[in-house]
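In: Sequence and predicted model, in that order:
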Protein chains: 2
Amino acid sequence: MNDSTREIVTAAVLVIGDEILSGRTKDKNIGHIADMFTASGIDLREVRIVPDVEAEIVAAVNALRTRYDYLFTTGGIGPTHDDITAESVAKALGVSIAVDPRARALLLTRIAEKDLNEARLRMARIPQGANLILNKISAAPGFQIGNVYVMAGIPSVMQAMLDEVLPTLRTGKKLESVTIDTGLREGDLGTPYGEIQKRHPDVIMGSYPFFNEKGFFTRLVLRARDEKKLSAAKGEVEAMVERLRAEKKIGA
Amino acid sequence: MNDSTREIVTAAVLVIGDEILSGRTKDKNIGHIADMFTASGIDLREVRIVPDVEAEIVAAVNALRTRYDYLFTTGGIGPTHDDITAESVAKALGVSIAVDPRARALLLTRIAEKDLNEARLRMARIPQGANLILNKISAAPGFQIGNVYVMAGIPSVMQAMLDEVLPTLRTGKKLESVTIDTGLREGDLGTPYGEIQKRHPDVIMGSYPFFNEKGFFTRLVLRARDEKKLSAAKGEVEAMVERLRAEKKIGA
């Protein structure tokens, strides 16, 4: 199977930051990246959140970059001492890191030379062999090295970097999906729904209960790369829902 | 050091569900658990999000439960075929799983016996040796086995389960924290702030930039278990901020 025609492209996200684990900052990046990947035909397979601790970042980077086609990190690329993502990624990949003339020049497009102090120069420290990831909001770049993409933690900056990078990624065949609102409780459809899943192994059939003032209800989501297979499963599920609703005397 | 007097108690969270990785559902549990743990004196050290795949759940459960004092999982304990958390946790711990009479009785407090079908009975399947975790919203229980706490994915149910469990957990000495709004950019304070960190190794000194219509600003968060150490570092950071603001001619 040729890489460029592979049906499935996988990715992981590594969120780096004490502030997410303490609850002080609520992550807004995972959901956005998940949406963008799904829309692009990239399967997000795993997410990890780790603190600003070098050994933890190095271990997670190596676990994830070797297992998935892409690894995206967020957070820890600013100018303060707790921003250790670039150094940690360099360490994980076994490459050196130094102030990069391209990154330094970028910073100087927005910062006067007299203000380019030791702290700000940290933002120009880029692992050897990396490509810069620009963004429209901040002069400080992210970077890509191998299959690792290092992005900012601030959502608006992260989103701008992701927009920059997405068109350059290899993508797989998109998972098409259909959502069926059943008006039923999960327990009423679980057994027959599971039987339909057995007949349609290439369709990923999820069941998502939710709770509102009227009680518990269920949305079913079917996903597949093959539209015919998706359509066949959908037909069976819709017939099942209709039958169960008739049995329960629930109106359309 | 006696367990009951240990200063630090650690935990991990494992979020289980395709729907979080696809972006279809945005996680609301991680931030809530992080807040509750921080308020209780439990250090959340790692979070992972994995799909509804048994091998992935088993591997993550074993990696996390052996490394941290507590592991909390969310998601995958409903009545449909994609709810495989209980089976996977049993497998990870090497124990058997079967319909638990206590859980079955619980379900019957809300469900008529005629409606306790095969699907709903899945929610009473509990690993051998586990304790049930009740909740006020749904009759279906979570469970605790060893240091692993298995909770629902629906936020309101998860929160009710967490409320049930939190008072029973061993907790550590809380990290006290102070937040200092600097009105400065990170690059202007990074170097002197890092020097203060070097003098106060027992204080965790974070720096959190944010962006609004007026530009980039920075909040500093100092955390420590020892109030005197926290106070000493805070004094130095406040003096630094005052000095830098005077240099930059920023009003109070």
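Out: Structure received.

In: In chain A, what residue spans correspond to strands?
Out: A:10-16, A:43-50, A:70-74, A:97-99, A:125-127, A:131-133, A:142-145, A:148-151, A:176-181, A:204-212, A:215-224 (DSSP state E).

In: what residue ranges in the stretch 51-200 of chain A score low on pLDDT?
Out: For the stretch 51-200 of chain A, no stretch is flagged by pLDDT under 70.

In: What residues does it have near chain B?
Out: Neighbours of chain B within the stretch 51-200 of chain A, by C-beta under 8 Å from any C-beta of the partner chain: A:51-52, A:56, A:78-83, A:111, A:115, A:117-120, A:122-123, A:137-138, A:154, A:156-157, A:175, A:177, A:186-191, A:193-194, A:197. C-beta coordinates here come from the backbone N, C-alpha and C atoms, glycine included.

In: Out of these, name the ones that lie in helices.
Out: Judged by DSSP state H, helices contain the following of those: A:56, A:118-120, A:122, A:156-157, A:186-191, A:193-194, A:197.

In: Write the PyMOL selection for whichever of those residues are buried.
Out: In PyMOL syntax, the buried subset of those is picked out as below (16 or more other C-beta atoms under 10 Å in any protein chain shown):
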select buried, chain A and resi 56+119+120+122+157+186+187+188+189+190+191+193+194+197
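
In: Out of the ones in helices among the residues of the stretch 51-200 of chain A next to chain B, the closest to B:K214 would be?
Out: B:K214 lies nearest to A:S156 out of these, by C-beta to C-beta, at 14.2 Å.

In: In this structure the closest one contacts A:I137, no?
Out: Yes: counting by C-beta atoms under 8 Å, A:I137 is a contact partner of A:S156 at 5.7 Å.

In: Between these two, which contacts overlap?
Out: B:F211 (C-beta atoms under 8 Å, 6 or more residues apart in numbering or on different chains).

In: per the record, what domains does chain A have?
Out: Following automatic domain parsing, chain A resolves into domains at A:7-168, A:176-247.

In: from those domains, which stretch is densest packed?
Out: Ranked by mean neighbour count, those are led by domain A:7-168 with a mean of 20 (mean count of other C-beta atoms under 10 Å in any protein chain shown).

In: residues contacting the residue nearest to A:L189 when sequence neighbours are not counted?
Out: In space, and not counting its chain neighbours, A:L189 is closest to A:L244: 5.9 Å by C-beta to C-beta, 6 or more residues apart in numbering or on different chains. The contact partners of A:L244, by C-beta under 8 Å, 6+ apart, come to A:182, A:184, A:188-189, A:192.

In: Chain neighbours aside, what residue packs nearest to the closest residue to chain B within the stretch 1-150 of chain A?
Out: Per C-beta to the nearest C-beta, the residue of the stretch 1-150 of chain A with the smallest distance to chain B is A:A119, at 2.6 Å. Nearest non-adjacent residue to A:A119, counting by C-beta to C-beta, 6+ apart: B:G190, 2.6 Å away.

In: In this structure that neighbour contacts A:D82, no?
Out: No: in this structure B:G190 lies outside contact range of A:D82 using C-beta under 8 Å: 9.7 Å.

In: now A:G194: how far from A:E176?
Out: Using C-beta to C-beta, to the nearest Å, A:G194 is found at 22 Å from A:E176.

In: should've said A:G76
Out: Using C-beta to C-beta, A:G76 is found at 36 Å from A:E176.

In: thinking again about what came up before, which neighbours do B:G190 and A:D82 share?
Out: By C-beta under 8 Å, 6+ apart, B:G190 and A:D82 have these common neighbours: B:S207.

In: from memory A:Q159 sits against A:G31, does it?
Out: No: using C-beta under 8 Å, A:Q159 is not in contact with A:G31, being 11.4 Å away.

In: Excluding chain neighbours, what is closest to A:G194?
Out: In this structure, A:G194 finds its nearest non-sequential neighbour in B:H81, 3.5 Å apart by C-beta to C-beta, 6+ apart.

In: scratch that, A:P141
Out: The nearest residue in space to A:P141 (C-beta to C-beta, 6+ apart) is A:L132, at 4.2 Å.

In: pretty sure A:G31 contacts B:K26?
Out: Yes: in this structure, A:G31 is within contact of B:K26 by C-beta under 8 Å, at 4.2 Å.

In: What distance do you get for the residue nearest to A:N29 when sequence neighbours are not counted to B:P79?
Out: Closest residue to A:N29 apart from its sequence neighbours, by C-beta to C-beta, 6+ apart: A:T74 at 4.8 Å. Computed as C-beta to C-beta, the A:T74 to B:P79 distance reads 35 Å.

In: Ok, A:I42 next?
Out: 31 Å.

In: mind listing what the residue nearest to A:P141 touches?
Out: So A:L132 contacts A:100, A:102-103, A:106, A:126, A:141-143 (C-beta under 8 Å, 6+ apart).

In: What of A:D82?
Out: Residues near A:D82 by C-beta under 8 Å, 6+ apart: A:18, A:52, A:76, B:197, B:205-207.

In: could you check the distance from A:I204 over to chain B?
Out: 7 Å (C-beta to the nearest C-beta, to the nearest Å).

In: Show me what the spatially closest residue to that residue that is not a sequence neighbour bridges to in the sheet.
Out: Spatially, and ignoring its direct neighbours in sequence, A:I204 is nearest to A:R223 (4.4 Å; C-beta to C-beta, 6+ apart). Taking DSSP bridges as the rule, A:R223 bridges to A:S177, A:I204.

In: surely A:R223 meets A:E176?
Out: Yes: with contact defined as C-beta under 8 Å, A:R223 reaches A:E176; the gap is 6.9 Å.

In: which helix is the longest one in chain A?
Out: Taking DSSP H as the criterion, chain A has its longest helix at helix A:227-247.

In: which one is A:V50 nearest to, not counting chain neighbours?
Out: The nearest residue in space to A:V50 (C-beta to C-beta, 6+ apart) is A:E56, at 4.3 Å.

In: no wait, A:D202
Out: Using C-beta to C-beta, 6+ apart and skipping residues adjacent in sequence, the residue nearest A:D202 is A:K229, 5.1 Å away.

In: mind listing what the one you found touches?
Out: With C-beta under 8 Å, 6+ apart, A:K229 has these contacts: A:200, A:202-203.

In: can you tell me the residue of the stretch 151-252 of chain A closest to chain B?
Out: A:G190 (2.5 Å).

In: I figured that residue hits B:L121, correct?
Out: No: using C-beta under 8 Å, A:G190 is not in contact with B:L121, being 9.5 Å away.

In: before we move on, the earlier item: of all pairs in the contacts of A:L244, which one spans the longest distance?
Out: A:T182 and A:P192 (11.4 Å).

In: give the contact list for A:L134.
Out: A:106, A:141, A:161, A:164.

In: Of the residues you listed, which belong to helices?
Out: Short answer: the contacts of A:L134 in helices (DSSP H) are A:106, A:161, A:164.

In: A:G142 is in contact with the first one, correct?
Out: No: counting by C-beta under 8 Å, no contact exists between A:L106 and A:G142, whose distance comes to 11.2 Å.
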